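In: Got a sequence here, can you build the structure:
(2 chains, ligands or ions: 2)
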Amino acid sequence: MTTSLTNSIAQKQQSWLTGVLASQTFWVFVAVIVASLALSFTTDSFATSKNLYNITRNVTFTAIIALGMTLVIITGGIDLSVGSVLCLCSMVLAVVMHAGYSIEVGIAASIATALVVGAFNGFLIAYIGLPPFVVTLGMLSVARSLAMVASGNTVVFEFGPDNDALLALGGGAWFFGIANPVMYTIVLGLLTGFVLRWTRFGRHVFAIGGNESAATLTGVPVKVIKVAVYMISSLSAGIAGIVQTGWLGAVTTNIGAGMELQVIAAAVIGGANLAGGGGTALGAIIGAMLIEVIRNSLGLLGINAFWQGTFIGGAILFAVMFDRLANYRRNA
Amino acid sequence: MIKVAVLELKHISKHFGAIEAVKDVSFSLEPGEVIGLMGDNGAGKSTLVKMMAGNFKPNSGTILIDGKEIVMNRPVEAREHGIEIVHQDLALCDNLTAAANVYLGRELRLGFGPLRILDYPTMYRRAAEIFAELKSETRPRDLVKKMSGGQRQAVAIARTRLSNAKIVLMDEPTAAISVRQVAEVLNLIRRLRDQGITVVLISHRMPDLFAVADRVIVMRRGTKVADKEISKSSPEEVTGLITGAIETV
Ligand SMILES: Nc1ncnc2c1ncn2[C@@H]1O[C@H](COP(=O)(O)OP(=O)(O)O)[C@@H](O)[C@H]1O
Ligand SMILES: [Mg+2]
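Out: Ligands and ions are numbered 1, 2, ... in the order given. Got it, this is the predicted structure:
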């Protein structure tokens, strides 16, 4: 009896290896490695320290937001406002610091902005019942316009007394010589993965995406959790904005334009299911890596930048199709 | 000696906009009793049990437990009063494991304060014990997505075994499963009754009713039209009451 119970508990439907081989994240990772190796051999410019430096930075901004986006997508939602929220939060930080306030005040103002925007999105979606697509599309327009209002549509590149501290935050390498943005991505990735696997909140995020009415019937606080995931998504955009501002050393009102597509692509390519119910933190980061390698390689291979959208869009469609096929095989 | 009812409904009504789903329904449940709740589609059976499970609040009327009036705003409050429900559509998340579904909304955690993590070992062990008790072959880590109708039913019923429920409400548990599995569910209902648990069974299947129920309540268009001992009724009479061929008894 006791042994049969133990067996029953230990029983998984697939072995560790089959699990890995069936996971989209694994194959996307293989694609990243293969593409990187191919580019290193075929071009002189890929494996240079300057290019790798650019790639890793660009990956981190997409990856940080893709982590937040993954939570939203797992609940079955979408957040189209992240690019504009990144811009707004960067601008709030820049304007506050430019006015002579300390970096702490600037960051606090920026993060508060992100949380308010996220709470607003979440409230309209969870409590008023508006579709996430519509609400966040509206916010995409509102947030960028507010960034223009806040800055008078100018470029801010002077950040007051704590100017250097901000540049170090984004451009430095404080731990083991690893660039700060990379470090933040690793930390936030681990945190997101932990929350999804080990907390009740994470479990409820999956439950809402799996069957929202079941979650409601069993007493999961569905509305509160939905508001929280949109706040987290905005927060991730705000954090990416702060780091990016420190790295670039300037903020314009068109930063982050079109970034929502890249971020959603990263999450979906990394295995997040747009129908809700599935997604991982590691997948979001690896998805962001593939997107950046594609973008970068187009430039290096001398392909016109106008083609970028086609390739990224194609990658999204491919990822969704992969998911369909995998499901189809499983159910067959 | 008068038995105290475990649960009593007094003049309960519920409407959704203009639809009067439940109209002025009263009855009481005694310990260890199996009640068959019958009625056509849309008669208000699911709405009635959802009010007992804290999913809906009645527009009027009162609910008493052990003689005391209670107000339930959320499903957890019903659980605290010892009421568990198996929903008609089972209310399972396909993307989660059997154990995760059993514990959905009441996950066990380790640690304290805000630093609490899910207690996987205990949840897996307890879920495995319940499945063994139910004689189900379902394993705690199995994904619900890949389960048969009977296994899903076992997961939904396992949910009710987590607490020491006094009352278990079952909304059409035998609607979508095979004959062998129906027999299993009926056996389970008998096991619950033997432990002194009151079971309310909603079913469309007349044989289920006469196999396990002690009493039958018939609903028609939101109102209660019959409430009598099963031994004093017959399948013909119940059918007549459901369709309206027999007005009331
Ligand atoms: N959540 C709801 N919103 C609006 N109407 C509902 C809802 N739930 C049930 N109803 C209506 O209430 C009536 C009774 O439904 P229900 O209790 O599900 O009946 P039964 O379970 O007996 O088939 C039906 O007319 C149904 O359409
Ligand atoms: Mg029903």
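
In: Check which helix or strand residue 164 maps to.
Out: Went with chain A since none was named. Assigning secondary structure by DSSP states H and E places residue A:164 in helix A:163-171.

In: and if you look at residue B:51?
Out: Assigned by DSSP H and E, residue B:51 belongs to helix B:45-52.

In: ok, back up a step: what residues of the helix holding residue A:164 count as buried?
Out: Buried residues in helix A:163-171, counting neighbours by 16 or more other C-beta atoms under 10 Å in any protein chain shown, are found at A:163, A:165-167, A:169-171. All C-beta spots, glycine's among them, are computed from the backbone N, C-alpha and C.

In: which helices and strands sit right next to it?
Out: For helix A:163-171, the elements it packs on are helix A:82-98, helix A:103-126, helix A:180-198, helix A:222-248, judged by 3 or more C-beta pairs under 8 Å, 6 or more residues apart in numbering or on different chains; DSSP states H and E.

In: Can you point out the buried residues in the third one?
Out: What that stands for is helix A:180-198. In terms of neighbour count (16+ other C-beta under 10 Å), helix A:180-198 has its buried residues at A:180-185, A:188-189, A:192-193, A:195-196, A:198.

In: I'd like the residues you listed written out as CSV, with distance to residue A:142 and pLDDT added.
Out: CSV is the format used below for the buried residues of helix A:180-198 (distance: C-beta to C-beta, whole Å; pLDDT from 0 to 100):
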residue, distance to residue A:142, pLDDT
A:180, 30, 92
A:181, 27, 93
A:182, 32, 93
A:183, 32, 94
A:184, 27, 96
A:185, 28, 97
A:188, 26, 98
A:189, 29, 98
A:192, 27, 98
A:193, 32, 97
A:195, 28, 97
A:196, 29, 97
A:198, 35, 96
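
In: Flag every residue of chain B that's near chain A.
Out: Chain B comes close to chain A at residues B:55, B:74-76, B:79, B:87, B:89-96, B:100, B:104-107, B:109, B:116-118, B:124-125, B:128-129, B:131-132, B:139-143, B:146, B:159, as judged by C-beta under 8 Å from any C-beta of the partner chain.

In: Among those, which lie within helices?
Out: Counting by DSSP state H, the residues of chain B next to chain A place B:75-76, B:79, B:100, B:124-125, B:128-129, B:131-132, B:159 in helices.

In: hmm, back to that, for the helix holding residue B:51, list the C-alpha coordinates in CSV.
Out: Taking Å, rounded to 0.1, in the frame of the first residue of the first chain, the C-alpha atoms of helix B:45-52 are listed here in CSV:
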residue,chain,number,x,y,z
LYS,B,45,-31.0,22.9,-9.7
SER,B,46,-27.4,24.2,-10.4
THR,B,47,-28.4,27.7,-9.2
LEU,B,48,-29.8,26.2,-6.0
VAL,B,49,-26.7,24.2,-5.1
LYS,B,50,-24.4,27.1,-6.1
MET,B,51,-26.2,29.2,-3.5
MET,B,52,-25.5,26.5,-0.9
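
In: how about the CA coordinates for the following helix or strand past that helix, as PDB?
Out: Moving toward the C-terminus from helix B:45-52, the next helix or strand (DSSP H and E) is strand B:60-65. Provided in PDB are the C-alpha atoms of strand B:60-65 (Å, rounded to 0.1, in the frame of the first residue of the first chain):
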ATOM      1  CA  SER B  60     -34.000  36.700  -0.600                       C
ATOM      2  CA  GLY B  61     -34.400  33.900   2.000                       C
ATOM      3  CA  THR B  62     -32.100  32.500   4.600                       C
ATOM      4  CA  ILE B  63     -29.700  29.600   4.900                       C
ATOM      5  CA  LEU B  64     -29.200  27.900   8.300                       C
ATOM      6  CA  ILE B  65     -26.400  25.500   9.300                       C
END
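
In: Show me what strand B:60-65 is packed up against.
Out: Helices and strands touching strand B:60-65, by 3+ C-beta pairs under 8 Å, 6+ apart, are strand B:7-16, strand B:19-29, strand B:68-70.

In: mind putting those in JSON lines, mean neighbour count included?
Out: Formatted as JSON lines, the helices and strands packed on strand B:60-65 follow (neighbours: other C-beta atoms under 10 Å in any protein chain shown):
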{"stretch": "strand B:7-16", "mean neighbour count": "18"}
{"stretch": "strand B:19-29", "mean neighbour count": "18"}
{"stretch": "strand B:68-70", "mean neighbour count": "12"}
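
In: any chance of the buried residues of helix A:163-171 in CSV, plus pLDDT and distance to ligand 2?
Out: Output for these, formatted as CSV (pLDDT from 0 to 100; distance: C-beta to the ion, whole Å):
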residue, pLDDT, distance to ligand 2
A:163, 91, 66
A:165, 94, 63
A:166, 93, 60
A:167, 93, 64
A:169, 91, 58
A:170, 90, 58
A:171, 87, 62
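
In: mean confidence score for stretch B:37-45?
Out: For stretch B:37-45, mean pLDDT is 94.

In: how about the residues of the stretch 51-200 of chain A that lie near chain B?
Out: So the stretch 51-200 of chain A meets chain B at A:197-200 (C-beta under 8 Å from any C-beta).

In: Could you single out the nearest of these to ligand 2?
Out: residue A:200 (30.1 Å; C-beta to the ion).

In: Tell me the pLDDT of the closest one.
Out: According to the prediction, residue A:200 has pLDDT 96.

In: Assign a three-state SS to residue B:136, would you?
Out: Put simply, residue B:136 is coil when judged by DSSP: H, G, I helix; E, B strand; the rest coil.

In: I'd like to know how far the closest residue to residue B:108 other than its chain neighbours sits from residue B:81.
Out: Nearest residue to residue B:108, sequence neighbours excluded (C-beta to C-beta, 6 or more residues apart in numbering or on different chains): residue B:119, at 4.2 Å. According to C-beta to C-beta, to the nearest Å, residue B:119 stands 25 Å off from residue B:81.

In: Neighbour count: these two, which is higher?
Out: residue B:81 (20 against 16; other C-beta atoms under 10 Å in any protein chain shown).

In: So which of the helices and strands packed on helix A:163-171 has the densest surroundings on average?
Out: For the helices and strands packed on helix A:163-171, the largest average neighbour count (mean count of other C-beta atoms under 10 Å in any protein chain shown) is found in helix A:82-98, namely a mean of 28.

In: that older thread, and which of the buried residues of helix A:180-198 is nearest ligand 2?
Out: For the buried residues of helix A:180-198, the residue nearest ligand 2 by C-beta to the ion is residue A:196; the value is 34.5 Å.

In: what's near enough to touch the closest one?
Out: Residues near residue A:196 by C-beta atoms under 8 Å, 6 or more residues apart in numbering or on different chains: A:71, A:74, A:202, A:205-206, A:280-281.

In: hang on, the earlier thing: among the buried residues of helix A:163-171, which one lies nearest to residue A:106?
Out: Each of the buried residues of helix A:163-171 was checked against residue A:106 using C-beta to C-beta; the closest is residue A:166, at 7.5 Å.

In: from what I can see that closest one touches residue A:247, true?
Out: No: between residue A:166 and residue A:247 there is no contact under C-beta atoms under 8 Å: 9.7 Å.

In: which residue sits closest to the residue in chain A that chain B sits nearest to in space, ignoring its chain neighbours?
Out: Per C-beta to the nearest C-beta, the residue of chain A with the smallest distance to chain B is residue A:210, at 3.3 Å. Closest residue in space to residue A:210, ignoring its immediate chain neighbours: residue B:93 at 3.3 Å, by C-beta to C-beta, 6+ apart.

In: Just give me the neighbour total for the one you found.
Out: Neighbourhood size, residue B:93 [other C-beta under 10 Å]: 25.

In: Let me see the contact set for it.
Out: A:206-207, A:210-211, A:214-215, A:277, B:100-101, B:104, B:144.

In: export the residues you listed to CSV and tack on distance to residue B:232?
Out: Shown next, in CSV, are the contacts of residue B:93 (distance: C-beta to C-beta, whole Å):
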residue, distance to residue B:232
A:206, 50
A:207, 45
A:210, 45
A:211, 41
A:214, 39
A:215, 43
A:277, 49
B:100, 45
B:101, 40
B:104, 41
B:144, 41
